[in-house]
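Colleague: Any chance you could fold what I've pasted below:
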Amino acid sequence: MRVFPATDTPPTQPEERSLAKSKIPDAIERRHLIDRDLKPAQALRQAEAYLEVGRDQDAIAFLLKAEATDQLEAMRARAIGSGDVFLFRSVSNALGVTSERDEWRAISEAARAAGRDRYADEARGMADRGDD
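Modeller: Residues are numbered from 1 along each chain as shown. Presented below is the predicted three-dimensional model:
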């Protein structure tokens, strides 16, 4: 790991970082936004800001507030295709849907193909138990 002297700053992509920081609230403000009654369009803008920087987990609550079920279902399908157990569970819970054994098997296969053996084993276990 490279250590930067106090006068140096780590190399960044300033445009990307400033854009992300300007659109994404800090953790406390995020909590306040989630607790507020946001208009669907406002919630969707927040979700899209998180999605732009790859923070899918953080976008879920805002997509739910925006009633963007199509986007949540697409995210769920991406989780299956990428073998992401945690994202799959989070989106499934947000949608209130029951996970099927064949979905867990597909997650297991995708996770194994991506070298995510722990996710693959967990998904295989869920498929074998039939848990959601």
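Colleague: okay, now residue 91: neighbour count?
Modeller: Neighbours of residue 91 under the rule other Cβ atoms under 10 Å: 27. C-beta: built from backbone N, CA, C; applies to glycine.
Colleague: Against residue 84, how distant is it?
Modeller: For residue 91, the distance to residue 84 equals 9 Å [Cβ to Cβ, to the nearest Å].
Colleague: now do residue 34
Modeller: Counting by Cβ to Cβ - residue 34 and residue 84 are separated by 22 Å.
Colleague: And residue 40, by the same measure?
Modeller: Residue 40 is 26 Å from residue 84, by Cβ to Cβ.
Colleague: Name the residues of stretch 29-44 that are buried.
Modeller: 30, 33-34, 38, 43-44 (16 or more other Cβ atoms under 10 Å).
Colleague: Which member of those is positioned nearest residue 62?
Modeller: Taking Cβ to Cβ as the measure, residue 62 sits nearest to residue 43 out of the buried residues of stretch 29-44, at 4.7 Å.
Colleague: Phi, psi for that closest one please.
Modeller: phi -60, psi -40 (degrees, to the nearest 10).
Colleague: Next up, the contacts around it.
Modeller: 62-63, 65-66 (Cβ atoms under 8 Å, 6 or more residues apart in numbering).
Colleague: Other residues contacting stretch 123-132?
Modeller: Against stretch 123-132 from outside (Cβ under 8 Å, 6+ apart): 83, 85, 92, 98-99, 101-102, 104-105, 107-108, 111.
Colleague: can you do 10 Å?
Modeller: Contact with stretch 123-132 is made by 80, 83-85, 88-89, 92-93, 97-112, 116, as judged by Cβ atoms under 10 Å, 6 or more residues apart in numbering.
Colleague: Filter these down to just the buried residues.
Modeller: 80, 83-85, 88-89, 92, 99, 103-112, 116.
Colleague: so of the contacts of stretch 123-132, which ones are in helices?
Modeller: 80, 85, 88-89, 92-93, 101-112 (DSSP state H).
Colleague: Okay, residue 48 and residue 70: tell me how far apart.
Modeller: The value you get for residue 48 to residue 70, if Cβ to Cβ is used, is 13 Å.
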